[in-house]
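Asks: Got a predicted structure plus its sequence, pasted below:
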Amino acid sequence: MRRMMALTLMLLLGLWAGLAAAQDDLPTGVAIDSPLPKVGGVNLSGESVTLDDVMGKKTLVLSFWSIYCSDCVMELDDLRSIRAEFPVDEVEVVAVNTDSSLPLSRITSFLRRYEGVRGAKLNVRHILDRDSSLLETLGVRYIPLMITVSKAGLVTSVVSGYNHEEDQGRLHRALQEGSVALGVWNSSLRGRLRSILRSSGPSGESVEWGTFRVEEEMDLFGVYGPDGWEASLTNSSDRDVEMGKVEETVSGRLRIALMRNAMASIGIRLPRDYQNPFQQHGVHLPACPLKDEGRALSKLYYELDFDTIFETLEESAMWIGDTYHAGKVCDVDLGLLRDRITEIDFNPAISEISVITASDYDYKPRAVLSELVKSSYRIRSVKENILVYFGDATMLVDEIDDLSIKGLNIYAEKLDDKTVRVEVY
């Protein structure tokens, strides 16, 4: 039953009254069955353009993309497919670039490289949203995003996330037949978020699910010495014990990857987990992330009680030689995830906070910052003394005060909204 609810999605030209209940939760401010606001920007030559010449005359397919979004680039391939499939006088395909901070030449250069690699022109209309006004007008929350509009000028579907060619087949049929189609998860193991699936629940409540496929692999790490197998994860000479540890580690990494992908789908990009010392020397040896509850992403996983937020649809795992491969497909309740994020007071707004340090030895502040990065899931990145932080200066002070490092006394003070002073002695 849950799966059937999650799979209900409207694509393209079909109209479905049941979607009205879920309208407020769409990944954009435009509403199904409502007029599309005026769309404009500049073309690849920097000239101002609009879609006034095709609005009300053609079916529109608008795809929002960025050169930094790998799924967006794959969706460009699908735009080429749509353009080749449908008559130019019936369907207008528009690629809307959202990289407002990049020079125009950077975007045109990227498109030339893309066409060179594909060996074919991307024969679609290009609009560049140079001042982000289009994103604001349409209320676009995350990309890739595809919006379709009927010849009557009404929005007929909003699809978030890259969709596999299987979904594109349904999308083509919807264009051909003007019918409702279903969206499903991508069968590729390397997939990220494939679709945000929405429907109206049995009692009329809004239901939001994301379907994700994640994959991890890990090699046995050890050597055969005079005394047999010398394992680095378990300090055991028993190869079977080492293999069990690898499987446990990969299982934890899969769940962390699932959480990161789900958070990214609702606009919160978490940092990657910190590196094991062996990784710094080019050796892939991660520890099991969920065994160390003091680690940043592990803490977040448990505070969200993430095990209760997703449902596993498929799992697969196998050993190939000394490498263990595993993958899983899961439905994540994104509505519940949003609620949990609010409950733990996780602020998705990002702040840049300067940290001023004082100590009798230089290594002490570095030790504090290192421990903070390791244990805080609110830190997105660190550059010199600037923390990119999910939260405000008061929350950062509280986290620093909660640190416990043997032999060090730590004091933190908020100087203003953008500055925190840390003393270590």
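Replies: Perfect, I can see it now.
Asks: what are the ranges of the strands in the stretch 301-425 of the chain?
Replies: Under the criterion DSSP state E, counting those that start in this stretch, strands of the stretch 301-425 of the chain are mapped to 310-320, 323-333, 350-359, 379-383, 386-390, 410-416, 419-424.
Asks: Show me which parts of the fifth one are buried, residue by residue.
Replies: With burial defined by 16 or more other C-beta atoms under 10 Å, the residues of strand 386-390 counted as buried are 387, 389-390. C-beta coordinates here come from the backbone N, C-alpha and C atoms, glycine included.
Asks: So what are the sheet partners of that strand and their directions?
Replies: Next to strand 386-390 in the sheet, as set by DSSP bridges, lie strand 350-359 (antiparallel), strand 379-383 (antiparallel).
Asks: out of those strands, nearest to V30?
Replies: V30 lies closest to strand 350-359 among the strands paired with strand 386-390, at 25.4 Å (C-beta to C-beta).
Asks: hang on, the earlier thing: and R260, which of the strands paired with strand 386-390 is closest to it?
Replies: strand 379-383 (12.0 Å).
Asks: re earlier: okay, the strands paired with strand 386-390 in a markdown table with distance to E90 and mean neighbour count next?
Replies: Below are the strands paired with strand 386-390 laid out as a markdown table (distance: least, C-beta to C-beta, whole Å; neighbours: other C-beta atoms under 10 Å):
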| stretch | distance to E90 | mean neighbour count |
| --- | --- | --- |
| strand 350-359 | 43 | 16 |
| strand 379-383 | 45 | 15 |
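Asks: With distance to P87 and mean pLDDT as added columns, please give those in TSV.
Replies: What follows is the strands paired with strand 386-390, written out as TSV (distance: least, C-beta to C-beta, whole Å; pLDDT from 0 to 100):
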stretch	distance to P87	mean pLDDT
strand 350-359	45	79
strand 379-383	46	77
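Asks: Closest to the mean position in the protein, which residue would that be?
Replies: A264 (3.0 Å; C-alpha atoms, centre = their mean).
Asks: how far away is L104 from L128?
Replies: Applying C-beta to C-beta, to the nearest Å, the value for L104 to L128 is 7 Å.
Asks: Between these two, tell me which one has more neighbours.
Replies: Legend: neighbour count by other C-beta atoms under 10 Å for L104 and L128, higher for L128 (22 against 16).
Asks: Turn the buried residues of strand 386-390 into JSON lines, columns for distance to S81 and pLDDT.
Replies: Formatted as JSON lines, these follow (distance: C-beta to C-beta, whole Å; pLDDT from 0 to 100):
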{"residue": "L387", "distance to S81": "43", "pLDDT": "81"}
{"residue": "Y389", "distance to S81": "42", "pLDDT": "79"}
{"residue": "F390", "distance to S81": "38", "pLDDT": "79"}
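Asks: Nearest to V42 among those residues?
Replies: Nearest to V42 among these, counting by C-beta to C-beta, is F390 at 33.5 Å.
Asks: Is that closest one bridged to anything, and to what?
Replies: Listed beta-bridge partners, F390: I350 (assigned using DSSP bridges).
Asks: Over to V61?
Replies: V93, T148.
Asks: list the contacts for L51?
Replies: By C-beta atoms under 8 Å, 6 or more residues apart in numbering, the residues touching L51 are 39-40, 60, 92, 94, 125, 127.
Asks: Show me which of the residues you listed are buried.
Replies: In those, burial by neighbour count holds for 39, 60, 92, 94, 125, 127, counting by 16+ other C-beta under 10 Å.
Asks: my guess is the fourth one meets L62, correct?
Replies: Yes - when contacts are counted by C-beta atoms under 8 Å, V94 is listed as touching L62 (5.0 Å).
Asks: Overlap in contacts, the two.
Replies: Common neighbours of V94 and L62, counting by C-beta under 8 Å, 6+ apart, are V39.
Asks: before we move on, the earlier item: tell me which of the strands of the stretch 301-425 of the chain approaches E371 most closely.
Replies: That would be strand 410-416 among the strands of the stretch 301-425 of the chain, by C-beta to C-beta, at 9.3 Å.
Asks: Relative to that closest one, what are the paired strands and their orientations?
Replies: strand 419-424 (antiparallel).
Asks: roughly how far is the partner strand from the heart of the chain?
Replies: Centroid displacement of strand 419-424 relative to its chain, using C-alpha atoms, centre = their mean, to the nearest Å, is 33 Å.
Asks: Now do the contacts for G327.
Replies: So G327 contacts 189, 213-216, 254, 315-317 (C-beta under 8 Å, 6+ apart).
Asks: Which two among the residues you listed are spaced furthest apart?
Replies: R213 and A317 (13.6 Å).
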